[in-house]
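Chemist: requesting a structural model of the entry that follows:
(chains A and B)
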Amino acid sequence: METPVAGRQTPDDGLSCELPAASSRPDSAEIAQAASDWRSGYVHVPFCARRCPYCDFAVVAADEPGGVETDRYVDALVAEIGMETVPFPLDAVNVGGGTPTRLQPAHLSRILETLDARFGIAERAEISIEANPEDWTDDVARTLRSIGFNRVSFGVQSLDPAVLTALGRVHSPEQARSAIRAARSAGFATTNVDLIYGTPEETDPSWRRSVDGVLDLEPEHLSAYALTVEGGTGLSRAVLAGAPAPDPDQQADRFEYVAAAADAAGLIRYEVSNWAGGGHACRYNLSTWMMGEYVAFGTGAHDHRDGIRARNIRRLDAYLTHVEGDDRPRSGSEQLNVFETERERFMVGLRLVAGVDAGTIGGPFLASADGKRLAEAGVIGTSGARVRVLKPLLTDLVARSVLSVSADDC
Amino acid sequence: MTALSRIRNFSIIAHIDHGKSTLADRLLERTGAISERDMREQVLDDMDLERERGITIKANAVRIDYTADSGVAYKLNIIDTPGHVDFSYEVSRSLEACEGALLVVDASQGVEAQTLANAYLAIEEGLEIIPVVNKIDLPAADPDRAAEELAGVLGGTADEVIRVSAKTGSGIDELLEAIVDRLPPPGGIEDAPLRALVFDSFYDSYRGVVSSVRIVDGSISKRDAVQFMATGLDVEADELGIRRPALEVVDHLATGEVGYLITGVKEIDLIRVGDTVTHTATPTEQALPGYQEPKPMVFSGLFPTDGDEFERLREALDKLRLNDSSLVFQAETSRALGFGFRVGFLGLLHMEIVRERLEREYDLDLVATAPSVAYRANLTSGEQVWIRSPQDLPDVSSLASIEEPFVKVMIITPSEYIGTVMDLVQQRRGLMGEMTYLSPERAELHYRIPLAEIVFDFFDQLKTRTRGYASLDYEPDNYQISDLVRVNILLNGIPVDAFSTIVHRDKAYPYGKAMVGRLRELIPRQLFDVPIQAAIGTRIISRETIKAQRKDVTAKCYGGDITRKRKLLERQKEGKRRMKMVGQVEVPQEAFVAALKLET
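Modeler: Numbers count the residues shown, from 1 in each chain, chains lettered A, B, ... in the order given. I've put the predicted structure just below:
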C-alpha cells in the first residue's frame, strides 16, 4: 500500500475493502468501472443557519419561514427509509445538505442505524458527511467518527475573508484550518475541502493563497468548483441587477492554477472538479457518475434504481405531509429507454478523467461531424476502448454534441 | 353636349398621410357612389398591407356620377396613384390615363418632395392641375402658407388653391365643381379604330389577368376580338366593366372612358402594362406610345431561414410576380446562407413590401442580405458585365473600371436643417446641385448621389436629422465610373459572401473595421482562435480574433440529479441548432441579420 504523498496516512479503519484497492489511482479505469456496480445511499438534510447567495439546493435557512423541529424531520427520514421494499447493501453513504451538522449527533446516529437496519451498510463502506467549518469542533469530530462516519467534506470555499463574506459564509479562515485538523486527529480517513473560484471579489493572489493554504493542510480530497450563477438564487438576482458575473476566462485561469498546485501536492484529478490521493476518490460520487444505483431520502433527493430516476419533493412542508401520511414523497420520475440510458452513461461518464467505455454510442459519436471536430481540436481523445475529454473545461460542450447523436446513428 | 365632354379623368397626387385616400373616399361618398353606412375607411386601398401602411401600391380606377351645379351629369373617373417614389413608373402609367390631377398637400405640412416629383411628372404629361390644401380643420394647419407654396411651385396664385377638409367634408363641393370646370374632357376620336391603353393589370386567381384600360380612340364591346399589340396576343373581350367601387359589368366602353377588361388570359407577361389594345379585324395603324419596362434599382438576396423552404420561397415569388411584373429574381447560392434568390426591386420601399408580403402572406421566415445596386464592370477585354451581387465582381486583374448608378435626389427640408442635411449628403458622396427656397422656412435641395449611398438607411438618417420634417425623392441618373472596391470578409480564412460588399475605396477601411468588429461581437467563441479579416483583394485592411473558448462546463454534477443536468444541456443544444456552419466556424443565424444592420 502506497500513498502518493509522504506523511498522508490512511488510518486502517476498513476503507480498504473488497472494493478496489485503496492504492488504486482515483483516475484509473479500474476504479471507474468498479463504481458502476457500487450502490450507495444519500440522505438530505435541508437545514442551514443561513442561505448562501449562490446555493440552489433544497434548503431551509433558520431565518426563513417553513423551518420545523429537526426531530420531526428525522422522524420523517426514518419513516421514508422504512418505506423501502427492495433494500440492497450500501457501499457508500453520504449525508449532505444543507448543513447536516445542524442535526444533533443523536439524529445522525439514528439515521445511520436506520439505513444499516434497512439496507445493511457494507462493512468497509465510505460513510461521508458534509459540514461547515464553524460547526466542527474536536468534540463533534470525535462524536461523529464514533457513530461511524469516516469521511467529512468541508465547505471551506476560500481562505480569503472578503471572498467568504461575498459568498455568505460565516466561518473564518482559521476555523476552516482547525476543522480540518480536528477531522484528522479524530481519525477520519478522508477529509475533503470544497473550494469555489471565480467569485468577483476574488483576485488571482487571493485564489493562490486559498489553494496553497488548503493544500498545506494536506487534505486527502479536494473539490474546486467554478462559481456558477444558478437561476433563482440571490447571486442570480444580483447579476441580473447589474452586479459583476463570474468571468469564464478568469475561471479558466483559476482552474489551471488549482490543477497545477494540486498535482504538485500529489493529488490526482479524477473528475472535472475533483482531486484525491490514492484510495480517496469519493465512492458515492463516483457511483453517481458511473450509473451506479443509489437510494436517496429527504427533501429534493434524487434516486436511481432499476433504470428509473426519481426525485423527491423539494418543499419541506409538502415532504413531511407526504411521509407522515405514509406516502412516498416523490415529485416525479423518468425511465430512460435503452438508447437514452446508454447516451446518459456516456455523457456523464465523460466527466471522469478515466473517460468512459465507448459502448454502443462512442463509435457513432466519434464518427459524427461534431465528434471529428472535437477530436481535431484536441478536446476529446481515446485510449483503448475509452473515450476521454482532454480539455475538462469543455466537458459540457462535448456533452451537448453527445446529445445530438440519435438512436438511428447507433 | 357630347358624351366626351361629360367625362373627367383625373388622379390624386399626394404625399403619404396627406389624406389622398380620405379625400377619394369623401368624393365617393358625396356623389353617392358609396353610402356613409357602407363606408369603409379608405375604400381604394384594398390590400391589408396598403391599409396598414397608409399607402397605395396598385393603381385603381373608380367611376362616380356627379351632377354639377349647372345641372349637367358627369362621369368622373378617379384614377388612383401610388404615393411613393419607388413606384414612379406606376404613377406615370396612371397619369397617362388622365387629363387632370388634384395635387393635394397637408395644410400643416406643406409641399413634400415626393408630391412635387409626381406633380412635375403630371405637368410633363400635360395634365391640368388643381392644387388642393387638405386638413384645413387641423389646429396646426397653416392653409395660407401651404397655398402659397403650392402656388409658387405651380406658378399660379394662391386663390386658385382649393381648401378642403376631407375629414369634415368642408370644401368638397367646391372641389367637385372645380374638377368639372377646370379639368379638360378627354380628347380622342370616337369613330377611329380602337386604341385602348392598358395602364394597370393584376392577377385574379379566378378570372386570370384583369387589365385596367383607358379607351383613347374608338370603343370596345363585349365579345369583340381584340389584339394586344406589343405581344401580338389575339383574344376575345370576355368581360368589360367599371368599378363604382363595386365591380359593375358593362357591355361597352366608349372613347374617353376608363374600365377593366378580362380576356381569360392567365399569364400576366402576355398583357403588359403600357400595351395598346386594338380590334383584331380593324386594327389601328399606330400603337400608343408604350411604356418602358420597369428597371430594378436595388438588389438583395433573400434566403429562407430554414433551407427546406427554398421551394416554397420560389412559389411565393412566382405568385407575387403575377401581380407585380416589376419584380425580378433568380436563384442564388450563398456559401453562408445556402439556397435563395437574388431579387431586384424598384426601390427600398418596394423591397420592404415584397419581403413583408413574403413573410406575412406566405408565412416564410427570411434572411435578407444588405441591399446593393447593379454595378457595371468594364473588363480589360473590353467586355461589360452587370454586377448584381458582390460575388459577381471579377478578379481585380481583369477589371478595367467599375461604374455605379447615380440618382438625382431632391430633398425638401425646413431651413434650419439645411446644414445637417448637407453634412449627411456629403458623407454619402453627394454632389450639390441647386438649392431654392420654397418659402423663407423651407428649402428644396438638389443633389447627384450614388444610388448605393442611399439604398441603405439614408432615408432614416435624413428623418432623424431633421426630426422627420425633411422629405426625399430621387430619380435614376446615368452610370459613372467610381473608385470602387470589393471588401471581402474572411472568417477563419474563408471569404463569407453574405458579409462582403462593394464600396468606394475611401469607405473600405471604415466598413471593414466596423464589420469585423461587429462580427467579433456576434459570433460566439469556438474551439480554436478564429481570425476575422476584412480584405481588399489579398490585402488585409482589418483584423480581429475571436479567442478560443476555454470554459464550457458546469462545475458541479452532484446529488445524482442527472435528469436536470441533461435537460439543461438539451435546452442549450437547441440554441446551437440555429447555427450555420461557415467552414469550421459556427455562426448564429442572428449574426447574418445583425451584421447587415451595420452603420458605418
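Chemist: state the next helix or strand along the chain beyond the lowest-mean-pLDDT helix or strand in chain B.
Modeler: The weakest-scoring helix or strand in chain B, judged by mean pLDDT, DSSP states H and E, is helix B:48-53 (a mean of 44). Later in the chain than helix B:48-53, the nearest helix or strand by DSSP states H and E is strand B:61-67.
Chemist: pairing partners for that next one, with directions?
Modeler: Within its sheet, strand B:61-67 is paired with strand B:73-79 (antiparallel), according to DSSP bridges.
Chemist: contact partners of the partner strand?
Modeler: Residues from elsewhere that reach strand B:73-79 (Cβ atoms under 8 Å, 6 or more residues apart in numbering or on different chains): B:6-12, B:24, B:27-28, B:31, B:44, B:59-68, B:94, B:97-98, B:176, B:179-180, B:199, B:257-258. Placement of C-beta: from N, CA and C, glycine included.
Chemist: just the buried residues of the residues you listed.
Modeler: B:6-12, B:24, B:27-28, B:31, B:44, B:59-64, B:66, B:94, B:97-98, B:176, B:179-180, B:199, B:257-258 (16 or more other Cβ atoms under 10 Å in any protein chain shown).
Chemist: so what's B:R448 up against?
Modeler: Contacts for B:R448 (Cβ under 8 Å, 6+ apart) come out as B:F406, B:V407, B:K408, B:V409, B:G430, B:L431, B:G433, B:D477.
Chemist: look up phi and psi at the residue nearest to B:R342 when sequence neighbours are not counted.
Modeler: Using Cβ to Cβ, 6 or more residues apart in numbering or on different chains and skipping the chain neighbours, the partner closest in space to B:R342 is B:E332 (4.3 Å). The phi/psi pair for B:E332 (degrees, to the nearest 10) reads phi -140, psi 140.
Chemist: show me where pLDDT drops low in the stretch 301-410 of chain A?
Modeler: For the stretch 301-410 of chain A, no stretch is flagged by pLDDT under 70.
Chemist: where do the helices sit along it?
Modeler: Here the stretch 301-410 of chain A has its helices, by DSSP state H, counting those that start in this stretch, at A:316-324, A:338-349, A:362-367, A:369-376, A:395-403.
Chemist: most tightly packed of those helices?
Modeler: Comparing those by mean neighbour count (mean count of other Cβ atoms under 10 Å in any protein chain shown), helix A:395-403 ranks first with a mean of 23.
Chemist: any idea of the angle that helix forms with helix A:369-376?
Modeler: Calculated by axes from the mean of the first three to the mean of the last three Cα atoms, to 10 degrees, helix A:395-403 forms an angle of 140 degrees with helix A:369-376.
Chemist: hmm, back to that, dump the helices of the stretch 301-410 of chain A to TSV, plus distance to B:L358.
Modeler: Below are the helices of the stretch 301-410 of chain A laid out as TSV (distance: least, Cβ to Cβ, whole Å):
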stretch	distance to B:L358
helix A:316-324	52
helix A:338-349	40
helix A:362-367	39
helix A:369-376	32
helix A:395-403	33
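Chemist: now render those helices as CSV, adding distance to chain B.
Modeler: Formatted as CSV, these follow (distance: least, Cβ to the nearest Cβ, whole Å):
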stretch, distance to chain B
helix A:316-324, 16
helix A:338-349, 6
helix A:362-367, 14
helix A:369-376, 7
helix A:395-403, 4
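Chemist: centroid-nearest residue for chain A?
Modeler: A:N285 (5.4 Å; Cα atoms, centre = their mean).
Chemist: that residue reaches A:E271, doesn't it?
Modeler: Yes: here A:N285 reaches A:E271: they are 7.3 Å apart, a contact under Cβ atoms under 8 Å.
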